[in-house]
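Asker: Provided below for reference: sequence and predicted model.
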Amino acid sequence: QVQLVESGGGLVQAGDSLRLSCAASGRAVSAMAWFRQAPGKEREFVAGIGWSGGSRWYADSVKGRFTISKDNAKNTVYLQMISLKPEDTAVYYCAATRSGVGGRGPRDFASWGQGTQVTVSS
């Protein structure tokens, strides 16, 4: 089992920056990712990172604005978000998998955090 705890959400204005953190504990992971879910919408992939090799992949909607990174010593993954837009408003979830290289779908990840709210006002 992998336990994930997100932090760093909040209310910001359009154009502002925000950094989310996700601390992992328990078993070792092979990849982690951030997803988000806006009211009335399906959960969508935001960014992913391989734990050993550090490969990264992003949704087109956030490429160039969001950066995923990790601190192996702290077992923590981060999502740095800049130039935030109102359409980025959602609950952001951290996810992890212990096998494989991860992916872009929720089914690619077995462990989930409780989510942290990000609200971007116009």
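Answerer: Noted; the coordinates are in hand.

Asker: Please save the CA atoms from stretch 74-88 in PDB.
Answerer: Output in PDB follows, covering the C-alpha atoms of stretch 74-88 (Å, rounded to 0.1, in the frame of the first residue of the first chain):
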ATOM      1  CA  LYS A  74      11.600  13.100   0.800                       C
ATOM      2  CA  ASN A  75       9.400  10.700  -1.200                       C
ATOM      3  CA  THR A  76       7.600  13.800  -2.400                       C
ATOM      4  CA  VAL A  77       6.400  14.900  -5.800                       C
ATOM      5  CA  TYR A  78       5.600  18.500  -6.700                       C
ATOM      6  CA  LEU A  79       3.500  20.300  -9.300                       C
ATOM      7  CA  GLN A  80       4.600  23.800  -9.900                       C
ATOM      8  CA  MET A  81       1.900  25.800 -11.700                       C
ATOM      9  CA  ILE A  82       2.400  29.200 -13.300                       C
ATOM     10  CA  SER A  83       0.200  31.500 -15.400                       C
ATOM     11  CA  LEU A  84      -2.800  29.900 -13.800                       C
ATOM     12  CA  LYS A  85      -6.100  30.300 -15.600                       C
ATOM     13  CA  PRO A  86      -9.700  30.000 -14.300                       C
ATOM     14  CA  GLU A  87     -10.100  26.800 -16.300                       C
ATOM     15  CA  ASP A  88      -7.400  25.300 -14.100                       C
END
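
Asker: centroid residue for the protein?
Answerer: Central residue of the chain (CA atoms, centre = their mean): Trp34, 2.1 Å from the mean position.

Asker: any idea how far it is from Ala73?
Answerer: In this view, Trp34 and Ala73 are 20 Å apart by CB to CB, to the nearest Å. C-beta here means a position set from N, CA and C on the backbone, and glycine is covered the same way.

Asker: what do you get for Tyr58?
Answerer: As defined by CB to CB, Tyr58 lies at a distance of 24 Å from Ala73.

Asker: pretty sure Gln80 is in contact with Phe66, am I right?
Answerer: Yes: counting by CB atoms under 8 Å, Gln80 touches Phe66, with 6.8 Å between them.

Asker: Compare these two (neighbour count), which wins?
Answerer: A count of neighbours by other CB atoms under 10 Å puts Phe66 above the other of Gln80 and Phe66, at 21 against 15.
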